[in-house]
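In: When you get a sec, could you give me coordinates for this:
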Amino acid sequence: MKIWVDADACPKVIKEILFKTSIRLQIPLILVANSYMNIPHHELISFVKVDSGDDVADMYIAEHVEVNDLVITADIPLAAEVVGRGTLAINPRGELYDEENIGERLSMRDFMKELRDGGVVTGGPDSFNAKDKQNFANSLNKILSKKGYH
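Out: Numbers count the residues shown, from 1 in each chain. Here you go, the predicted structure:
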């Protein structure tokens, strides 16, 4: 199993949780982004810099992820792509994307995009907070426990 991170928009506190988890449980962690970032120097943690452009990091992850892997992303189309292949995905707020909810998430995303494109101001998500961090840590632990990591 590997953990893949759509790292450009992933909050720093979430990356820190993932760094510690990777080392503690000996799970390879791959961060993918189109801009350089500092990561711990550890054999299990790697960084892939992709070219700039829309969805380039997402496409890289989708092309390299395997069924038993876990993807961390707030990008719903990427989540839909990997879930469609049998891979688990969670967002940085700890929400699990699975076969049961990804269709609804995609529909809502597309609907909100249509509203914004039509000039309706919809606002964005609430600011990332400590509860989101805790929800992510709990979801990550639950998923990894189910996969046999303790």
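
In: which residues touch V32?
Out: Residues near V32 by CB atoms under 8 Å, 6 or more residues apart in numbering: 4-7, 47-48, 50, 57, 60-61. Yep, even glycine has a C-beta here, placed from its N, CA and C like the rest.

In: Now tell me which helix or strand of this structure has the poorest mean pLDDT.
Out: One helix or strand of the chain scores below all others by mean pLDDT, DSSP states H and E: helix 102-117, with a mean of 65.

In: just checking, what packs against whichever helix or strand comes after that helix?
Out: Moving toward the C-terminus from helix 102-117, the first helix or strand encountered (DSSP states H and E) is helix 130-146. Judged by 3 or more CB pairs under 8 Å, 6 or more residues apart in numbering; DSSP states H and E, the packing partners of helix 130-146 are helix 12-25, strand 88-90.

In: again, only using 10 Å
Out: Contact here means 3 or more CB pairs under 10 Å, 6 or more residues apart in numbering; DSSP states H and E; on that basis helix 130-146 packs against strand 3-6, helix 12-25, strand 70-72, strand 88-90, strand 96-97.

In: which one of these lies closest to G148?
Out: Distance to G148, taken as CB to CB, is lowest for helix 12-25 among the helices and strands packed on helix 130-146, at 9.8 Å.

In: pLDDT on the next helix or strand after that closest one, on average?
Out: Toward the C-terminus, helix 12-25 is succeeded by strand 29-33 as the next helix or strand (DSSP H and E). Average pLDDT, strand 29-33: 97.

In: Strand 29-33 to helix 12-25, inter-axis angle?
Out: With axes from the mean of the first three to the mean of the last three CA atoms, to 10 degrees applied, the angle from strand 29-33 to helix 12-25 works out at 150 degrees.

In: Cheers, nothing more for now.
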